[in-house]
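Undergrad: no FASTA, just this:
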């Protein structure tokens, strides 16, 4: 685990610098004397502890902040994005100040920020639910499709008092959960229960909720793929647990091997770690692979045998780009194996941010929670209720995504055309970028079977590695920063996702609009040639 | 702190029962043997710890769940609401099965669930931003006000690529934060900076974020009013800190006294607690008082002197019902005292859920963060970025709430009429319910100067207290359950908010529509008479 060690060393270095800086600042004395007053109200009464009340110069400094927050990292919006934002401001203030005229954000799965258009039917329904006053007006017939109007009425009738501005049930509006459960049944061919659905503001809060439920302290481990989407490492750090890595096999197309799981589980156990759950991201982020059903069966069997909760990140379930692969939910595979509620604790995460809809800004999503005791489900419900409910527009959109227009609906054909247009274009972009990466010297790139990313490996020379070390950065971050400065293309260093020590990668989304792809490839290729030449050993 | 002790005893009792129940369930053996496999991937490498890998029958049980989750309580959606939902189902299945024909939810500040209508202008703008395709259509002119169309264009122009379906900057769309900062300046007469604004999915996630930042362990304390809104106790419990109570003085209209703060601070210090922040809810929840400016100055001085972060819950800033009081933000008061960034760390929470707008389901809100070092602000930004951003509709609504229609705008007059209609009606309802409570035997109720709640004190007989103990519940919960079963009115026991030990209260919203208030008062009065007679000592 050299990677984590070096990260930690770098962080300590940064922290030490920050502390020195802070200590030079503001050393205000704290007033100490407090007059004791008599009162009849009770005072805090609990066992005394060892901590001393230690007043510091400022209420919150880097040495008094929650260290779990310091430990948390989220590369997708990290340093590289801060640099990109600065370059963008420079371009706005001084057009022509750089050799490129726009920043191309390939750092994050944010399709609509790069020009992808929303699905018209979904937006029609959302607008009508936001302003139901127009549903009965004659002008509305000319502006909205008939099935959008009908669907809006259906949805409003499912919301008590038609109040889209009211808090809903903490799990989400019952009628919308019914629609989602029906959508899951149609997808899987196995029953789904709306009582198992928890609607959330995107998948991220759902993941946090499960981490909060499971992690008691640093001896609780969560199995995560390496490379992983850094929400997982960030959430585990914030909740004070330990990330237990299992490495995907790059040589077999980011294969998930049970032998690796067993090896890592044993290693964790020998360190005193109780591994509580296994995170699987399928289709993979940042790795883009789609699991074979056979592999999923092995994973389920492993979780059952080892008593692990399976946390299945299935937010890219609609993003499949190769004919030989298809998406199978872990719930479907488990039920097809005969596993029921008693056999496997399974949480499936879904989001409106991905798929062909890409509605990241709406913050909608859900988790389907199966195989937990009623007592534990009550705890999950309680956690959901502390935040009252997720946003209703996001809830509505989550239900639409799981129950889109059907044959015969007025919008059906245009909906299908929009959906297929987006997905086929994404497939072409994935292929074009994959080919381009594989054409670069010293770069190898697995196929993007699904999701929205490529994760090419770059073989860097010792000279490049030394140059990176000289500026106190990791070699992949060094490469990505150089790429950004030279081309305006923003990608995320592999070190933000984890990688086998000594290997270097970056994550690049397939999301720029299709007409931009040739220019991206050309700029990237030129940059890469120059970089390789500069650091030829 | 008798209240917390008895709560804890009750919880332990419940837990013991649950554990017994669970132990009788499912004792599946865990497979133990794992074949070790050879592989070249690195294994988990960190200092060994004392924890043992302790397989349990099921992956998650009440004795393996995070104990902080078990400790967390949220009465506003607790047992009483579960009972109410059951009664509602019974009424639906068997009309006439109870002596009332509907459940009146007075447990939660959820205005639109009880029939309050949203502000038309806000909903027009939201609908247009959801479906911008109709902005240019001629039919739209007939359906939407001209200033709503104009505002929608303005907002879309502030969003990069007009993409309301894209993740925004992690703090929220810059242009919307500008509008909010301008609204704060107009409100306070002091500068506000859009870089200090963090848009959030309602105020609750913002509160969690600050708790996560501040709380390191159980020796970190957060000052909270008692009674308090249980989001605070829940969040402190989830983050593993200690709630340090300060009692509001019921006899002086829920006065916040500096002498009480000093006393409780000393008590906490003597127990080894480092108090990090002071929560003030103004206008008060559940207590409805509005702080005087003089009092706010004293609080700010106290925080400055003691080095406490001031967490100012100002979500009810528009809900003021008495002419002699007005809302002053802590930011304004601090700046009027000459306190700047160096003097006080202040976080102000605002939400679209309250005020005259009451848009709970939209999950919009923001926090204004001032007086923190750049290093700490970076940490807050990082925490925000892990969840990517808050929902864009909520962001738009938060900007609208802080920059509503102005004189001369087409919607101005109808907007004012809607706003004044709601606020004046709320004031009348508050007064009617307050008078009604004060007319009940053994009940005293302070004025609702602001917010959305009354928190009457009920003097219960020893006979009633004994009857409650006999069914293993607190006397106020006993009263509330009886009230619900007899009348369908849902209120929340004072023990969910905290109260001086030996006193009993409940929280009742002022939100049922005005035409229902006489019936509520009549049913409540009848019930109360019967209850008092039944338990006359």
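TA: Received, thanks. Nothing here was measured: the structure is a model prediction, and the numbers come from that model.

Undergrad: count of neighbours near residue A:229?
TA: 27 (other Cβ atoms under 10 Å in any protein chain shown). Glycine gets a C-beta too; all of them are placed from N, C-alpha and C.

Undergrad: quick one, phi/psi of it?
TA: phi -70, psi 120 (degrees, to the nearest 10).

Undergrad: What does the pLDDT read for the closest residue to it other than its chain neighbours?
TA: Spatial nearest neighbour of residue A:229, excluding adjacent residues (Cβ to Cβ, 6 or more residues apart in numbering or on different chains): residue A:285 at 4.4 Å. Turning to residue A:285, the model gives it a pLDDT of 96.

Undergrad: Give me the neighbour count for residue A:285.
TA: By other Cβ under 10 Å, the residues close to residue A:285 number 29.

Undergrad: Now for it: which residues touch it?
TA: A:109, A:228, A:229, A:313, A:316, A:451, A:452, A:453 (Cβ atoms under 8 Å, 6 or more residues apart in numbering or on different chains).

Undergrad: What are the boundaries of the strands in the stretch 351-500 of chain A?
TA: Remark: strands assigned in the stretch 351-500 of chain A by DSSP state E, counting those that start in this stretch are A:365-370, A:443-444, A:453-454, A:457-458, A:489-490, A:492-493.

Undergrad: Show me the domain layout of chain A.
TA: As recorded under automatic domain parsing, the domains making up chain A are A:75-115+A:420-534, A:156-402.

Undergrad: near chain B at all, the first one?
TA: Yes - using Cβ under 8 Å from any Cβ of the partner chain, domain A:75-115+A:420-534 reaches chain B at A:76, A:77, A:108, A:110, A:111, A:112, A:113, A:114, A:115, A:500, A:501.

Undergrad: which stretches of chain A have low pLDDT?
TA: A:1-41, A:43-57 (pLDDT under 70).

Undergrad: ok, residue A:331 touching residue A:367?
TA: No - using Cβ atoms under 8 Å, residue A:331 makes no contact with residue A:367, being 11.4 Å away.

Undergrad: ok, back up a step: deepest of the domains of chain A, which one?
TA: Mean neighbour count (mean count of other Cβ atoms under 10 Å in any protein chain shown) peaks for domain A:156-402 among the domains of chain A, with a mean of 22.

Undergrad: ok so, going back, which residues are in contact with each of residue A:331 and residue A:367?
TA: residue A:348.

Undergrad: can you tell me which two in the residues of domain A:75-115+A:420-534 next to chain B are farthest apart?
TA: Largest separation among those by Cβ to Cβ: A:115 and A:501, giving 37.7 Å.

Undergrad: circling back: to residue A:253, which of the strands of the stretch 351-500 of chain A lies closest?
TA: strand A:443-444 (11.5 Å).

Undergrad: Name the residues that touch the closest one?
TA: Residues outside strand A:443-444 that contact it (Cβ under 8 Å, 6+ apart) are A:437, A:438, A:456, A:457, A:458, A:459, A:528.

Undergrad: Is residue A:325 in a helix, a strand, or coil?
TA: In three-state terms, and counting by DSSP: H, G, I helix; E, B strand; the rest coil, residue A:325 is coil.

Undergrad: what's the nearest residue to it if we skip its chain neighbours?
TA: In this structure, residue A:325 finds its nearest non-sequential neighbour in residue A:290, 4.1 Å apart by Cβ to Cβ, 6+ apart.

Undergrad: helix, strand or coil for the one you found?
TA: Put simply, residue A:290 is coil when judged by three-state DSSP.

Undergrad: cool, residue A:224 as well?
TA: Following three-state DSSP, the label given to residue A:224 is strand.

Undergrad: Which residues are in contact with it?
TA: Contacts of residue A:224 (Cβ under 8 Å, 6+ apart): A:232, A:233, A:236, A:243, A:244, A:245, A:246, A:279, A:498.

Undergrad: Restricted to strands, list these.
TA: A:243, A:244, A:245, A:246, A:279 (DSSP state E).

Undergrad: quick check, nearest of these to chain B?
TA: residue A:244 (5.6 Å; Cβ to the nearest Cβ).

Undergrad: Quick check: that closest one touching residue A:274?
TA: No - look at residue A:244 against residue A:274 with Cβ under 8 Å: they stay out of range, at 9.9 Å.

Undergrad: hey, what's in contact with both of those two?
TA: In contact with both residue A:244 and residue A:274: residue A:221, using Cβ under 8 Å, 6+ apart.

Undergrad: can you put the domains of chain A in TSV and add distance to residue B:412?
TA: What follows is the domains of chain A, written out as TSV (distance: least, Cβ to Cβ, whole Å):
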stretch	distance to residue B:412
domain A:75-115+A:420-534	33
domain A:156-402	21
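
Undergrad: Indicate which one of those domains is closest to residue A:65.
TA: For residue A:65, the closest of the domains of chain A is domain A:156-402, at 12.4 Å, according to Cβ to Cβ.

Undergrad: which ones are touching the residue nearest to residue A:172 when sequence neighbours are not counted?
TA: Counting by Cβ to Cβ, 6+ apart, residue A:199 is the residue found nearest to residue A:172 once chain neighbours are left out, at 2.9 Å. The contact partners of residue A:199, by Cβ under 8 Å, 6+ apart, come to A:168, A:171-173, A:176-177, A:180, A:364-366, A:389-390, A:394-395, A:398.

Undergrad: Pick out whichever of these sits closest to residue B:302.
TA: Proximity of the contacts of residue A:199 to residue B:302 (Cβ to Cβ) peaks at residue A:389, which lies at 35.7 Å.

Undergrad: show me what contacts the closest one?
TA: Residue A:389 neighbours (Cβ under 8 Å, 6+ apart): A:167, A:168, A:169, A:170, A:171, A:172, A:199, A:395, B:361, B:363.

Undergrad: Just to be sure, which of those residues are found in strands?
TA: Taking DSSP E as the definition of strands, the contacts of residue A:389 contribute residue A:199.

Undergrad: Dump the contacts of residue A:389 to TSV, plus distance to residue A:253.
TA: Below are these laid out as TSV (distance: Cβ to Cβ, whole Å):
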residue	distance to residue A:253
A:167	45
A:168	42
A:169	42
A:170	41
A:171	37
A:172	37
A:199	34
A:395	36
B:361	44
B:363	40
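
Undergrad: Among the contacts of residue A:389, name the ones in helices.
TA: Secondary structure assignment by DSSP state H places residue A:395 of the contacts of residue A:389 in helices.

Undergrad: Pick the one among the contacts of residue A:389 closest to residue B:472.
TA: Using Cβ to Cβ, the contacts of residue A:389 come closest to residue B:472 at residue A:170, 25.3 Å.

Undergrad: my read: the closest one touches residue A:380, true?
TA: No - with contact defined as Cβ under 8 Å, residue A:170 does not count as touching residue A:380 (9.8 Å).
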